[in-house]
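**Q** Everything below, folded, please.
(one chain, ligands or ions: 1)
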Amino acid sequence: MDLNLLAERLIPGEYPSLETFEKRYPLRDLPVGAQVTRLAPSPTGFIHLGNLFVAIANERIAHQSGGKLYLRIEDTDLKRKVEGAVEAVIAALKYFDIRFDEGAEIGGDETYAPWYQRQRAEIYRAYAKDLIRRGRAYPCFCTEEELSALRDEQMKQKQVTGYYGAYAKCRDLSEQEIFAALDAGKPFVIRLRSMGDASRKHTFRDEIKGEVTVPENDQDVVILKSDGIPTYHFAHAVDDHLMRTTLVIRGEEWLASLPIHLELFDVLGFPRPKYGHNCSLMKMDGGSKRKLSKRKDPELSLSFYRQEGYHPYAVKVYMLTLLNSDFEEWHRKFPEKKPEEFPFRLSKMSKSGALFDLDKLNDISKEELSARSPEEMLAFLKEWAFAFGAQKEQAYFADEAYLLQVLSLCMGVGGKKRRKDFVTAKQALAEIGYFFGGYVQKDAYRVDNAVRDAVLDGFLATYSAADDSQTWFSKVKAVAASLGFAAEMRDYKADPSAYKGSVADVAEVLRIAVTGRANSPDLWSIMHIFGEERTRARIAEARNRR
Ligand code: GLU
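**A** The predicted model follows:
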């Protein structure tokens, strides 16, 4: 068969020589040991926690080694493409502080551009054409129906499914048959002519999983689809070679395709990159572990964290905790150090499945938010409120001096220990609602209305906004004593039956009247921030509530 003629017929036209591409995309000038990694999302509009997980690992390894991280958009599957998805991916990764050095919509060094696969069609075709000329790729005219019939047959016979060996009908078509089909205008794909033998296994070193044994590939996989667009497999080999990726970190769902990729790198004459296959994120469901699912688990989507108002730093800390189990201890020991200073290792990653737990993230979030300054907290809340909050929450920012006082108090700034009241921006804004007229009675009074009103009246009778906290408290004690409550805790403890309750119960009534809840930051301070008028109004309202 005249393979040059065939190649010309299948992929007509002049293409640059392969050496041209080698020169156009030269080896990167980086120090020894520097790793070039990438993130290669498909623009499907759904960017999830698994992407972030892989992104952080890629970012750490690249930058820790003095290498590069770039962003490539794998847009070969038009059916799955969603408008605005690229922008969404970039915005989400930026929010979580993933810093790319170059790539789609990032800019940076243009040497390895373009970063959209659709703009690289010429390159894939040139390599495919070369494979045809070398007899390592061929056209396949099988229709969808034929392929699905083949699959059914293989399943029935309990054979491995796919296009390989004797099942690869078009592998050995004669020149005449091929040209007749082409003349008849039959659509075709280009397949790899595999030389592998699936009964032969070889051991491969995965940077995350360690030694894995994989069979050789024997599948004649499609490399160019009928529209001339490459498959993931082919584009992966060509792009990761020419963009000079040294380490491919990707989800473990790709491990099964690794034999294909290894054969492709070999047949194309490309040195193989290193691979690290990242385990899936799991969660506990009932008593058993399962993979996070798009359908069942809203927390799989990155937009969930943005909408709920999780602090990106907290999410990052949690991701790192899951990625390298000794990160947590390191972070606790050196809270002031940046995560970038932590010695991140692929070999410390879980090989089987990281267990994601929202409660744990919430704990970390509390911890991280409590360590912010009130000013930082305000900026964080403001950003969220104006993106996702209600108008009434946006109004909290009209008087930032007042809001700062509220935040300082709720965060326990200046106290012995910081308070950990805040988990997310959404929850924090709901939590401080009572400072802004948004009174909601969350907790019930533990006294009846008559006692409640007696406490409130008693308090108002002597209340002065000018009182310091000690004077204020002695007045509360006086109210307690006048109504048959123990003014001193120790008296109450010594003989509870002698009292209606203690000063703590009286304070609780005041607290619920003012804040709507039985637990709050220091009540004197709250009243102090409120000021006299607002405090009196709040108590008067509570007095009338039935
Ligand atoms: N486009 C592939 C995906 O989104 C990329 C996999 C890879 O990183 O190679 O799953």
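
**Q** Quick one: list the elements packing against the helix or strand of the chain with the lowest mean pLDDT.
**A** Ranking every helix and strand in the chain by mean pLDDT, DSSP states H and E puts helix 85-95 at the bottom, with a mean of 89. Contacts defined by 3 or more CB pairs under 8 Å, 6 or more residues apart in numbering; DSSP states H and E place helix 85-95 against helix 49-64, helix 302-308. For glycine as for every other residue, the C-beta is placed from the backbone atoms N, C-alpha and C.

**Q** among those helices, which is the most enclosed?
**A** Mean neighbour count, computed with mean count of other CB atoms under 10 Å, is highest for helix 49-64 among those, reaching a mean of 22.

**Q** for it, what is the average pLDDT?
**A** Here helix 49-64 scores 96 as its mean pLDDT.

**Q** in its sheet, what does the next helix or strand after it sit against?
**A** Using DSSP states H and E, the helix or strand that follows helix 49-64 in sequence is strand 68-71. Looking at strand 68-71 with DSSP bridges, its partner strands are strand 36-39 (parallel), strand 102-103 (parallel).

**Q** Looking at those, which is nearest to residue 505?
**A** For the strands paired with strand 68-71, proximity to residue 505 was assessed by CB to CB; strand 36-39 is nearest, at 57.6 Å.

**Q** On the strand side of things, show who residue 36 bridges to.
**A** Assessed by DSSP bridges, residue 36 has beta-bridge partners residue 68.

**Q** Stretch 46-61 near the ligand anywhere?
**A** No - interface with the ligand: stretch 46-61 contributes nothing (CB under 6 Å from any ligand atom), its closest point being 7.1 Å away.

**Q** Just give me how far that stretch sits from the chain centre.
**A** In terms of CA atoms, centre = their mean, to the nearest Å, the centre of stretch 46-61 is set 7 Å apart from its chain centre.

**Q** ok so, going back, identify each buried residue in the least confident helix or strand of the chain, please.
**A** Buried residues in helix 85-95, counted by 16 or more other CB atoms under 10 Å: 85-86, 88-90, 92-93, 95.

**Q** what angle do that helix and helix 49-64 make?
**A** Helix 85-95 and helix 49-64 are oriented at 60 degrees to each other (axes from the mean of the first three to the mean of the last three CA atoms, to 10 degrees).

**Q** Can we start the residue count at 618 from this point?
**A** Renumbered: residue one is now 618, and that last one reads helix 702-712.

**Q** Establish whether helix 702-712 and the ligand are in contact.
**A** No - on the criterion CB under 6 Å from any ligand atom, helix 702-712 is out of touch with the ligand, staying 9.9 Å away.

**Q** now the helices and strands packed on helix 702-712 in CSV, with distance to residue 639?
**A** Putting the helices and strands packed on helix 702-712 into CSV (distance: least, CB to CB, whole Å) gives the following:
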stretch, distance to residue 639
helix 666-681, 23
helix 919-925, 37
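
**Q** Looking at the ones you listed, which is nearest to residue 956?
**A** Using CB to CB, the helices and strands packed on helix 702-712 put helix 666-681 closest to residue 956, at 8.3 Å.

**Q** tell me how far the closest one is from the chain's mean position?
**A** The answer for helix 666-681 is 10 Å, by CA atoms, centre = their mean.

**Q** same for that helix, what does it pack against?
**A** Judged by 3+ CB pairs under 8 Å, 6+ apart, the packing partners of helix 666-681 are strand 653-656, strand 685-688, helix 702-712, strand 864-868, strand 891-895, strand 898-902, helix 919-925, helix 929-940.

**Q** most tightly surrounded among the strands paired with strand 685-688?
**A** Mean neighbour count (mean count of other CB under 10 Å) peaks for strand 653-656 among those, with a mean of 25.

**Q** List the buried residues in stretch 986-995.
**A** The neighbour-count criterion (16+ other CB under 10 Å) identifies 986-987, 989, 991, 994-995 as the buried residues of stretch 986-995.

**Q** Which two of those residues have the greatest separation?
**A** Comparing every pair within these by CB to CB identifies 987 and 995 as the most remote, at 14.6 Å.

**Q** ok, how many other residues are close to the residue in the stretch 818-967 of the chain that the ligand sits nearest to?
**A** Shortest the stretch 818-967 of the chain-to-the ligand distance, computed as CB to the nearest ligand atom: residue-wise this is residue 867, at 3.5 Å. Neighbourhood size, residue 867 [other CB atoms under 10 Å]: 20.

**Q** Surely it touches residue 671?
**A** Yes - if you go by CB atoms under 8 Å, residue 867 and residue 671 touch, sitting 6.4 Å apart.

**Q** okay, and the common contacts of those two?
**A** residue 895 (CB atoms under 8 Å, 6 or more residues apart in numbering).

**Q** Could I get the full set of strands for this structure?
**A** Listed from the start of the chain, the chain has strands (DSSP state E) covering 653-656, 685-688, 719-720, 754-757, 806-809, 818-823, 827-832, 839-841, 864-868, 891-895, 898-902, 905-908, 971-972.

**Q** Of the strands paired with strand 685-688, which is nearest the ligand?
**A** Of all those, strand 653-656 comes closest under CB to the nearest ligand atom, at 7.0 Å.

**Q** if I look at residue 665, how far off is the ligand?
**A** Residue 665 sits 10 Å away from the ligand, going by CB to the nearest ligand atom, to the nearest Å.

**Q** Export the strands of the chain as a markdown table, with columns for mean pLDDT and distance to residue 956.
**A** As requested, the strands of the chain are exported to a markdown table (pLDDT from 0 to 100; distance: least, CB to CB, whole Å):
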| stretch | mean pLDDT | distance to residue 956 |
| --- | --- | --- |
| strand 653-656 | 98 | 17 |
| strand 685-688 | 97 | 15 |
| strand 719-720 | 96 | 22 |
| strand 754-757 | 98 | 45 |
| strand 806-809 | 98 | 42 |
| strand 818-823 | 94 | 25 |
| strand 827-832 | 96 | 25 |
| strand 839-841 | 98 | 40 |
| strand 864-868 | 96 | 17 |
| strand 891-895 | 96 | 18 |
| strand 898-902 | 94 | 19 |
| strand 905-908 | 94 | 26 |
| strand 971-972 | 92 | 17 |
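
**Q** Export those as JSON lines, with columns for distance to residue 1082.
**A** Formatted as JSON lines, the strands of the chain follow (distance: least, CB to CB, whole Å):
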{"stretch": "strand 653-656", "distance to residue 1082": "57"}
{"stretch": "strand 685-688", "distance to residue 1082": "57"}
{"stretch": "strand 719-720", "distance to residue 1082": "58"}
{"stretch": "strand 754-757", "distance to residue 1082": "85"}
{"stretch": "strand 806-809", "distance to residue 1082": "81"}
{"stretch": "strand 818-823", "distance to residue 1082": "68"}
{"stretch": "strand 827-832", "distance to residue 1082": "68"}
{"stretch": "strand 839-841", "distance to residue 1082": "78"}
{"stretch": "strand 864-868", "distance to residue 1082": "60"}
{"stretch": "strand 891-895", "distance to residue 1082": "59"}
{"stretch": "strand 898-902", "distance to residue 1082": "50"}
{"stretch": "strand 905-908", "distance to residue 1082": "56"}
{"stretch": "strand 971-972", "distance to residue 1082": "52"}
